[in-house]
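Novice: sequence plus the predicted model coming up.
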Amino acid sequence: MKYLFGCSLLLVLLSFVPVRMVSAGTELCLVVVVAKGSPIRDISKAELRQIFMGETTVLSGNKVVPFNFESKTRQRIAFDELVLGMSVDEVGRYWIDRKIRGQRPPPRSLPSSAYMARVVQKWPGALGYLPENELPADIQPVTVGGVSFQDPRYALK
């Protein structure tokens, strides 16, 4: 009985340990992206959070349309933790609550990096994110708080 209780307690405690996104021995770096030629060059982490939580659709006077990866993908889990400060379950409850209240729906979800890149490239005002190692040349990276994704201080590492 003590063993069962100890295992249960350990599982509960481990559920509160933050997850580090690691790929082939390196952390996952997500880069905020827009289409080439977009007037959006920089975004604060607070603005990014507001946009992806459905609180605003305007950034520096420009209408933006946020796109997410599908829930439970590595990229989405990392983004939700780094930007929203929420777990998968917390994000799910947040959007259910908003739906019940008749508020703006969640960002559209896309199944892959290739699809994210194509949508961001072609959709006016699209705002998304991609893993650093999957950035195509025809997408414009956005600095976060004035910091480039190549800088170790970048907010989405």
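Specialist: Looks like it came in fine. Numbers count the residues shown, from 1 in each chain.

Novice: can you give me the strands for the chain?
Specialist: 22-23, 26-27, 30-35, 42-43, 58-59, 62-63, 65-69, 108-110, 126-131, 139-141, 143-144 (DSSP state E).

Novice: mind checking those for the one nearest to residue 99?
Specialist: strand 108-110 (14.6 Å; Cβ to Cβ). (Each C-beta comes from the backbone N, C-alpha and C, glycine too.)

Novice: thinking again about what came up before, need the strands of the chain in a markdown table with mean pLDDT, mean neighbour count and distance to residue 118, can you?
Specialist: As requested, the strands of the chain are exported to a markdown table (pLDDT from 0 to 100; neighbours: other Cβ atoms under 10 Å; distance: least, Cβ to Cβ, whole Å):
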| stretch | mean pLDDT | mean neighbour count | distance to residue 118 |
| --- | --- | --- | --- |
| strand 22-23 | 36 | 11 | 22 |
| strand 26-27 | 59 | 11 | 26 |
| strand 30-35 | 97 | 24 | 11 |
| strand 42-43 | 97 | 19 | 21 |
| strand 58-59 | 92 | 17 | 21 |
| strand 62-63 | 93 | 12 | 20 |
| strand 65-69 | 98 | 21 | 11 |
| strand 108-110 | 97 | 16 | 9 |
| strand 126-131 | 98 | 24 | 10 |
| strand 139-141 | 96 | 18 | 10 |
| strand 143-144 | 97 | 22 | 23 |
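
Novice: need those strands in JSON lines (columns: distance to residue 100).
Specialist: JSON lines is the format used below for the strands of the chain (distance: least, Cβ to Cβ, whole Å):
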{"stretch": "strand 22-23", "distance to residue 100": "36"}
{"stretch": "strand 26-27", "distance to residue 100": "36"}
{"stretch": "strand 30-35", "distance to residue 100": "30"}
{"stretch": "strand 42-43", "distance to residue 100": "29"}
{"stretch": "strand 58-59", "distance to residue 100": "25"}
{"stretch": "strand 62-63", "distance to residue 100": "26"}
{"stretch": "strand 65-69", "distance to residue 100": "20"}
{"stretch": "strand 108-110", "distance to residue 100": "20"}
{"stretch": "strand 126-131", "distance to residue 100": "26"}
{"stretch": "strand 139-141", "distance to residue 100": "36"}
{"stretch": "strand 143-144", "distance to residue 100": "31"}
